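Asks: coordinates only, sequence not included:
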């Protein structure tokens, strides 16, 4: 009896939609950057936001920095796969960004909040949702202060919001504690390897 798989099935696996979520300061961006640098199949999904750029951030590379009126028009026009108001500003994933990545055979990596993660899962049940946890609230506060980008009232608000965000880890497919970046990156890589090997993806 011949083997039904006559070639490497990995070439038939469609690209993944990968969602990384977790409280502000947990290290999602650093983790995503490491993944993107080491996996050519992944490509960053650039979100739109109404918050002003931080020092060194570039429009179109880090975020699309949109004024409130343009963001409102985008919501009304159905341009977003998901959007949410977080820490006083709106963030959203443009449908066109995801469609372009997938059409090019790339797996988009979305660095979004828990509201956005739930929305993506409803619209794309095949998405891989990974929640990034800090080892403790003390470590999270230390990381937020170490960034040197936010005043004390903003840090206090982010820490308050973190407690509510962390409660939603149960809505995700995987949980990764970012104690050390190398270990966290290794765990996420293992998750993506496993997801790319799931038989159900060869059948879709």
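Replies: Yep, it's here. All values derive from a computational prediction rather than experimental measurement.
Asks: show me where pLDDT drops low in this structure?
Replies: Applying pLDDT under 70 to the chain flags residues 1-12, 201-204.
Asks: What helix or strand is the closest residue to residue 174 other than its chain neighbours located in?
Replies: Residue nearest to residue 174 in three dimensions, not counting chain neighbours: residue 130, with 4.6 Å by Cβ to Cβ, 6 or more residues apart in numbering. (C-beta placed from N, C-alpha, C; glycine too.) Residue 130 belongs to strand 128-133 when assigned by DSSP states H and E.
Asks: Run the chain-centre distance for that strand.
Replies: How far strand 128-133 lies from its chain's middle: 8 Å, per Cα atoms, centre = their mean, to the nearest Å.
Asks: Remind me what that strand packs against, helices and strands.
Replies: Secondary-structure packing of strand 128-133 (3 or more Cβ pairs under 8 Å, 6 or more residues apart in numbering; DSSP states H and E): strand 18-21, helix 114-123, strand 174-177, helix 181-196.
Asks: coming back round to it: okay, and the beta partners of the residue nearest to residue 174?
Replies: Note on residue 130: beta-bridge partners by DSSP bridges are residue 20, residue 174.
Asks: Contacts only, for it.
Replies: Residues near residue 130 by Cβ atoms under 8 Å, 6 or more residues apart in numbering: 18, 19, 20, 21, 172, 173, 174, 175, 176, 188, 191.
Asks: In contact with the residue nearest the centre of the chain: list those residues for me.
Replies: For the chain, the residue nearest the mean C-alpha position is residue 111 (2.4 Å; Cα atoms, centre = their mean). Contacts for residue 111 were tallied using Cβ under 8 Å, 6+ apart; they are 20, 21, 28, 29, 32, 45, 47.
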